[in-house]
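Asker: quick check, what structure comes out for this input:
(chains A and B)
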There are 2 protein chains.
Amino acid sequence: MKLFTVGPVACYPEVLEEIGRQMYSHRSREYLDLHYETVDLLKRFLETESQIFLFSSTGTGFMEASIRNCVRRSLLCCINGSFGKRFADVAVANGRVVERLEPPLGEPVLPDMLEDALARHPEVEAVALTHNETSAGLINPLRELASAAKAHGKLVFVDAVSSMGGTEIKVDEWGIDVCFSSSQKCFGVPPGLAVGSVSEEALKLSEAAVDKGWYFDFKLWERYQKRGRGTPVTSVIPQIAGLNRILRLIEERGGKEWYFNLYRRRNLKIRRGVERLGLSIFPRKGYESPTVSCVNAPEGVEGALIYERMRGKGFELAMGYGDLKETTFRIGNMGHIEERDIDLMLEALGEVLAAL
Amino acid sequence: MKLFTVGPVACYPEVLEEIGRQMYSHRSREYLDLHYETVDLLKRFLETESQIFLFSSTGTGFMEASIRNCVRRSLLCCINGSFGKRFADVAVANGRVVERLEPPLGEPVLPDMLEDALARHPEVEAVALTHNETSAGLINPLRELASAAKAHGKLVFVDAVSSMGGTEIKVDEWGIDVCFSSSQKCFGVPPGLAVGSVSEEALKLSEAAVDKGWYFDFKLWERYQKRGRGTPVTSVIPQIAGLNRILRLIEERGGKEWYFNLYRRRNLKIRRGVERLGLSIFPRKGYESPTVSCVNAPEGVEGALIYERMRGKGFELAMGYGDLKETTFRIGNMGHIEERDIDLMLEALGEVLAAL
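Answerer: The predicted structure follows:
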């Protein structure tokens, strides 16, 4: 099966080589070398001096951590689809008050909308943004949104699960307090590892937080990190080794711009191919995700049918998700994808559409 | 390096073969087949009708979950060392009141001690037990302790991180409400996956729990599991595939008794070998762990020195941990260990001791 999933995505052969290696202790020198090298690679990648934590969880764990450690009462959640909703759900499940900024499906959050929302809710402590909404295949203008939130003195949390590694994020310059992602998206590594940056301000708030729990306590993670001990719980060693490998590969092959361009080219090729087949892309023009194309299924056809028929031809795309489950299907361009497989996938999609 | 660690341990070659495979979506049929087969294998292994969850976290995540979902105010923590302490720390970090039953280091928790403690603290809702305390190399009489706790109508939480898979646990017959472990111990799988059973009573308490958070919400996990959707967050697919493989291997080779005997033989061989070299085992006789031998370093020698010297000879043991850091070192017998490597390890240990 050729994968054009939205995560877990197909892993690079070099990554799989690392993943299958024999284990060793997370308290050994071998692991600690790997750990701190990976942290440094991520710091360079995200252009930040923030602490970088390697959580033994998925990205949603880091989402929960941002709330438990840093929000006392309320936050503003910007919602473009299912994963923006998840941020709000997680906050509510943790007893926080959630204000919602929710443009119509397919529309981005724009800085003036955020300004309005903050004027209406000046009491919120933080703004939660989904950089790239995987369910709608939409990317928000993160730099401008973070800047607007910071101008109001708010903490900025960024779910970068399907954008980190796929498009630029400059954590310090853009003023992001917590920016997290998962291993199984743009980095092309198996799932199980979340990575994220945590600013000094966020750490200060964590210090004073009550009832923040143990597993995702930022201050605990900072203590282990700073003392040269890595992680307070057992590290997800195979996935960290895989991430380390891909980050080194990216540096060797020309740096992150090279990697972003690779994804951009694949993404454009898929979008143009889909449009040539007479289909349209769901989100508003200009805000299409560079990592996941959310495609409108033809009138009267369920997205799931196209997904199923494509499986029959050996291609695993992704079904629509959440409110878009029936009317769309999705094509990811993250991870290990060969150029020629994009052509074959589009050819197969043409056949599937013709047969409907 | 030959591993005699206490986790992550060396993985079986068959497991590493699974770990290095190409990824696929956690929403695909392939994953769901793997998921439910693994759940069934664990149900048989633990002899339980409880829900079995496959958490994208380490065992400590399941520990935190047991508290957040099921304890409103207070619990009794039975502490034989660092991991018993961790259970108490996690409960305190979550704002719960902790009563402590803490025998002197090296001594087990016995049923009459538990009876006494429960008589003194009749208000506690749950009893937290460490089955096998990794830091002290000590195993507690779990069956009798669970039975005593149940007789008082208490919930029973069991940290079985370094015992599940290494010695018998009958979840339903023994009356355990939450019983969890990690992939990187007795199952010989890389870290990143926690598995655990959750009883009907524990699920009922979760339903009424406030502020339990999202990531470790038992009811959310139950909903996904029961609806045939696997897990609410992305599953740690490689580790689950590895666990599936080893559980099937165990069934093929004669069932869990065969596996427990294998560990028992290795463990006895190590203990006898160590004693022949003139060293003694730390915990009280009769309560030595079947998976981790905690060895007293010779008078005046730091355990860490023996650990370092053994590394020099190609054997990775484990350092002492917590309060026993300086005076002990540890030899694990979990995961992929060849019989003849035990002989070589003991030979090397003899040389190290002779050279001191």
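Asker: I'd assumed residue A:32 was in contact with residue A:228.
Answerer: Yes - contact criterion C-beta atoms under 8 Å: residue A:228 and residue A:32 qualify, at 6.8 Å. (Glycine included, C-beta is placed from N, CA and C.)
Asker: which one of those two has more residues nearby?
Answerer: In this view residue A:228 and residue A:32 are compared by other C-beta atoms under 10 Å in any protein chain shown, and residue A:32 has more residues nearby, 17 against 9.
Asker: and stretch A:234-242, how far from the chain's centre?
Answerer: Averaged C-alpha coordinates place stretch A:234-242 at 18 Å from its chain's average position (C-alpha atoms, centre = their mean, to the nearest Å).
Asker: just the CA coordinates of that stretch, formatted as PDB?
Answerer: C-alpha atoms of stretch A:234-242 as PDB (Å, rounded to 0.1, in the frame of the first residue of the first chain):
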ATOM      1  CA  THR A 234      11.300   6.400  30.200                       C
ATOM      2  CA  SER A 235      12.000   8.000  26.800                       C
ATOM      3  CA  VAL A 236      10.500   6.700  23.600                       C
ATOM      4  CA  ILE A 237      14.000   5.800  22.400                       C
ATOM      5  CA  PRO A 238      13.200   4.300  18.900                       C
ATOM      6  CA  GLN A 239      11.100   7.300  17.800                       C
ATOM      7  CA  ILE A 240      13.700   9.800  19.200                       C
ATOM      8  CA  ALA A 241      16.400   8.000  17.300                       C
ATOM      9  CA  GLY A 242      14.300   8.200  14.200                       C
END
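Asker: give me the contact list for stretch A:220-233.
Answerer: A:26-27, A:31-32, A:35-36, A:39, A:51, A:53-56, A:198, A:203, A:214-215, B:57-58, B:60-61 (C-beta atoms under 8 Å, 6 or more residues apart in numbering or on different chains).
Asker: these, buried ones only, as a PyMOL selection?
Answerer: What follows is the PyMOL syntax selecting those of those that are buried according to 16 or more other C-beta atoms under 10 Å in any protein chain shown:
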select buried, (chain A and resi 26+27+31+32+35+39+51+53+54+55+56+198+203+214+215) or (chain B and resi 57+58+60+61)
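Asker: can you get me a residue count around residue A:193?
Answerer: Residues near residue A:193, counting by other C-beta under 10 Å: 29.
Asker: phi, psi of residue A:170?
Answerer: Main-chain torsions, residue A:170, degrees, to the nearest 10: phi -110, psi 100.
Asker: for the nearest residue to it once chain neighbours are set aside, phi and psi?
Answerer: The spatially closest residue to residue A:170, leaving aside those adjacent along the chain, is residue A:47, at 4.6 Å (C-beta to C-beta, 6 or more residues apart in numbering or on different chains). With angles defined as degrees, to the nearest 10, residue A:47 sits at phi 50, psi 60.
Asker: give me every residue that touches the residue nearest to residue A:194 when sequence neighbours are not counted.
Answerer: Excluding its sequence neighbours, the residue lying closest to residue A:194 (C-beta to C-beta, 6+ apart) is residue A:55, at 4.2 Å. With contacts defined as C-beta under 8 Å, 6+ apart, residue A:55 is in contact with A:61, A:62, A:65, A:193, A:194, A:195, A:196, A:216, A:221.
Asker: distance-wise, check residue A:274 relative to residue A:141.
Answerer: To residue A:141, residue A:274 is 24 Å away according to C-beta to C-beta, to the nearest Å.
Asker: how about residue A:24?
Answerer: Distance, residue A:24 to residue A:141, using C-beta to C-beta: 43 Å.
Asker: residue numbers of the stretch 101-250 of chain A in contact with chain B?
Answerer: Residues of the stretch 101-250 of chain A lying near chain B by C-beta under 8 Å from any C-beta of the partner chain: A:182, A:184, A:190-193, A:210-217, A:233-239.
Asker: please check those residues and keep the buried ones.
Answerer: A:182, A:184, A:190-193, A:212-217, A:233-239.
Asker: can you give me how far the longest helix along chain A is from the chain middle?
Answerer: Using DSSP state H to define each element, chain A has its longest helix at helix A:256-276. Counting by C-alpha atoms, centre = their mean, helix A:256-276 is centred 18 Å from the centre of its parent chain.
Asker: okay, buried residues for it please.
Answerer: A:256, A:259, A:260, A:262, A:263, A:266, A:267, A:270, A:271, A:273, A:274.
Asker: show me the contacts for the second one.
Answerer: If a contact means C-beta under 8 Å, 6+ apart, then residue A:259 has A:165, A:250, A:253 as its contacts.
Asker: which one of those is nearest residue A:280?
Answerer: Closest approach to residue A:280 among the contacts of residue A:259 (C-beta to C-beta): residue A:165, at 27.2 Å.
Asker: tell me who's in contact with the closest one.
Answerer: Listed by C-beta under 8 Å, 6+ apart, the contact set of residue A:165 reads A:45, A:181, A:185, A:186, A:187, A:259, A:334.
Asker: what's around residue A:223, how many residues?
Answerer: By other C-beta under 10 Å, the residues close to residue A:223 number 12.
Asker: the closest residue to residue A:209 other than its chain neighbours: which element?
Answerer: Distance criterion C-beta to C-beta, 6+ apart; nearest residue to residue A:209, sequence neighbours excluded, is residue A:69 at 5.3 Å. Per DSSP states H and E, residue A:69 falls inside helix A:59-70.
Asker: strand partners (parallel or antiparallel) of the helix or strand following that helix?
Answerer: Scanning forward in sequence from helix A:59-70 by DSSP H and E, the next helix or strand is strand A:74-78. Next to strand A:74-78 in the sheet, as set by DSSP bridges, lie strand A:97-101 (parallel), strand A:126-130 (parallel).
Asker: residue A:38 falls within a strand, correct?
Answerer: No - assignment of residue A:38 by DSSP: H, G, I helix; E, B strand; the rest coil gives helix, placing it outside any strand.
Asker: in this structure residue A:237 contacts residue B:191, no?
Answerer: Yes - the pair residue A:237 and residue B:191 passes the contact test of C-beta under 8 Å, sitting 6.0 Å apart.
Asker: partner strands of the host helix or strand of residue A:180, with direction?
Answerer: Residue A:180 belongs to strand A:178-182 when assigned by DSSP H and E. Take DSSP bridges as the rule and strand A:178-182 pairs in its sheet with strand A:155-159 (parallel), strand A:194-198 (antiparallel).
Asker: just the pLDDT for residue A:27.
Answerer: pLDDT for residue A:27: 89.
Asker: would you agree residue A:53 falls within a helix?
Answerer: No - assigned with three-state DSSP, residue A:53 falls outside any helix and is strand.
Asker: residues in a beta bridge with it, which ones?
Answerer: residue A:196.
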